[in-house]
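Asker: need coordinates for the following:
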Amino acid sequence: MRILLLLPYVGLLWVPFYNFAEPSLFGFPFFYWYQLAWVPISSLLIWLVWRSRTPDETQ
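Answerer: Numbering: from 1, shown residues only. Model prediction:
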């Protein structure tokens with residue numbers, strides 16, 4: 001389950017993948033809103049990994 005924590009790094013590591021102006025969202029170019037979308041996604045992934053821990057993994 002900890003492999004999910006690598007998704008934000010992979011999703012943001014290769015800049016040419018999202019270095020575009022279109023499609024825009026609320027006037028923001030894709031380059032900016034794609035990066036901003038990873039903030040809540042990363043939070044959700046961290047929460048999922050944290051909830052999946054067993055009691056013996058807490059220390």
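
Asker: got the end-to-end distance for stretch 15-33?
Answerer: 13 Å (CA to CA, to the nearest Å).

Asker: which residues are contacting it?
Answerer: 12, 34-36 (CB atoms under 8 Å, 6 or more residues apart in numbering). Yep, even glycine has a C-beta here, placed from its N, CA and C like the rest.

Asker: now, of these, which are buried?
Answerer: Those of the contacts of stretch 15-33 that meet the buried threshold are residue 34, by 16 or more other CB atoms under 10 Å.

Asker: could I get the contacts of stretch 15-33 as CSV with pLDDT and secondary structure?
Answerer: Shown next, in CSV, are the contacts of stretch 15-33 (pLDDT from 0 to 100; DSSP: H, G, I helix; E, B strand; the rest coil):
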residue, pLDDT, secondary structure
12, 96, helix
34, 96, helix
35, 96, helix
36, 96, helix
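
Asker: looking at the contacts of stretch 15-33, spot the one nearest residue 45.
Answerer: Distance to residue 45 across the contacts of stretch 15-33 (CB to CB) is lowest for residue 12, with 12.8 Å.

Asker: wait, doesn't that closest one sit right on residue 36?
Answerer: No - taking contacts as CB atoms under 8 Å, residue 12 lies outside contact range of residue 36: 10.9 Å.

Asker: quick one: low-confidence parts of this structure?
Answerer: 57-59 (pLDDT under 70).

Asker: chain center to stretch 43-59, what's the gap?
Answerer: 17 Å (CA atoms, centre = their mean, to the nearest Å).

Asker: what does that stretch contact?
Answerer: 1-2, 4-5, 7-8.

Asker: among those residues, name the buried ones.
Answerer: Buried among the contacts of stretch 43-59 by 16+ other CB under 10 Å: residue 8.

Asker: now secondary structure and distance to residue 41 too, for the contacts of stretch 43-59, in a markdown table please.
Answerer: Supplementary listing: these in a markdown table, determined by DSSP: H, G, I helix; E, B strand; the rest coil; distance: CB to CB, whole Å:
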| residue | secondary structure | distance to residue 41 |
| --- | --- | --- |
| 1 | coil | 16 |
| 2 | helix | 16 |
| 4 | helix | 10 |
| 5 | helix | 12 |
| 7 | helix | 8 |
| 8 | helix | 7 |
